[in-house]
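A.B. asks: here's a sequence, model it:
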Amino acid sequence: MALDTIIEITNASLYQDEQLILSDVNFAIDKGEFVYIIGKVGSGKSSLIKTITAEIDLAEGEGVVADFNLRTIKRNQIPFLRRKIGTVFQDFQLLPDRSIFDNLLFVLRATGWKNKAEIEQRIKDALEKVGLQNKDHKMPHQLSGGEQQRVVIARALLNDPEIILADEPTGNLDPDTSEEIMRLLHDISLTGRAVVMATHNYSLLKKFPGRTLKCEKGKIVEVEQMTEIDFESLME
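C.D. replies: Below you'll find the model as predicted:
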């Protein structure tokens, strides 16, 4: 694995519930790269993301993520791997009964933080990075969809991860807000973090170019150029 490589999957087959989903998987992603994963529903995008986070075991081939070997990782090591990965969901998954501050506090306490001053500083820093430093007292329902997604990105950044996995992060947002979120994710990649984003949105892919991995017919291939017609036919 090269010095700057943060994810490397080699000669792998990915299974879910003993069903083969993807075979002959070979790719590497470096620190600071922005990489799209595209493909229709059921093509293997989610299985790939779950393999990277060790939610699905890698049964065949080799995989290294943030220096953790996916073939040999032990159950008690998986939480440490996941601290290296920040996840951004399409449907936000914020706790509706508590403030933004307390949503982020919940995550830090769940991942072992105990010092009150350090916790408060980490939450403040994360919210500043997404432009929400004055919204920590708000409840999730008091924020717009775009603001809620910014909170989700702040939550993903709390443990200073080396990788951001974004699964359809703009799926519930209007076009203008989607562009704001994309700019934020691109800015995050410029800080040296790898950003891996699953998407169905061709206009964003065109406006914010990046490496593109396509899941199709049980394989993953890298796409050099793709027209809107190619993209739409892939998603059908």
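A.B. asks: how about the strands in this protein?
C.D. replies: 5-16, 19-30, 34-38, 60-65, 68-69, 85-89, 163-167, 194-198, 211-216, 219-223 (DSSP state E).
A.B. asks: go ahead and flag the most central residue of this protein.
C.D. replies: In the chain, the residue lying closest to the centroid (C-alpha atoms, centre = their mean) is residue 165, at 0.9 Å.
A.B. asks: my read is that that residue contacts residue 90, right?
C.D. replies: No. If you go by C-beta atoms under 8 Å, residue 165 and residue 90 don't touch, sitting 11.9 Å apart. Any C-beta I mention is one placed from the backbone N, CA and C, and that applies to glycine too.
A.B. asks: about what we covered before: closest to residue 144 out of the strands of the chain?
C.D. replies: Relative to residue 144, the nearest member of these by C-beta to C-beta is strand 85-89, separated by 16.4 Å.
A.B. asks: just checking: what are the partner strands of that closest one?
C.D. replies: The partner list of strand 85-89 in its sheet, established with DSSP bridges, is strand 163-167 (parallel).
A.B. asks: can you tell me how far residue 79 is from residue 66?
C.D. replies: Using C-beta to C-beta, to the nearest Å, we find residue 79 at a distance of 13 Å from residue 66.
A.B. asks: show me which of the two is the more surrounded one.
C.D. replies: Just comparing residue 79 and residue 66: by other C-beta atoms under 10 Å the higher neighbour count belongs to residue 66, 18 against 12.
A.B. asks: now the more buried one, nearest residue through space, not along the chain?
C.D. replies: Excluding the flanking residues, the one nearest residue 66 by C-beta to C-beta, 6 or more residues apart in numbering is residue 84, at 3.8 Å.
A.B. asks: that neighbour and residue 162 touch, don't they?
C.D. replies: Yes. With contact defined as C-beta under 8 Å, residue 84 counts as touching residue 162 (4.9 Å).
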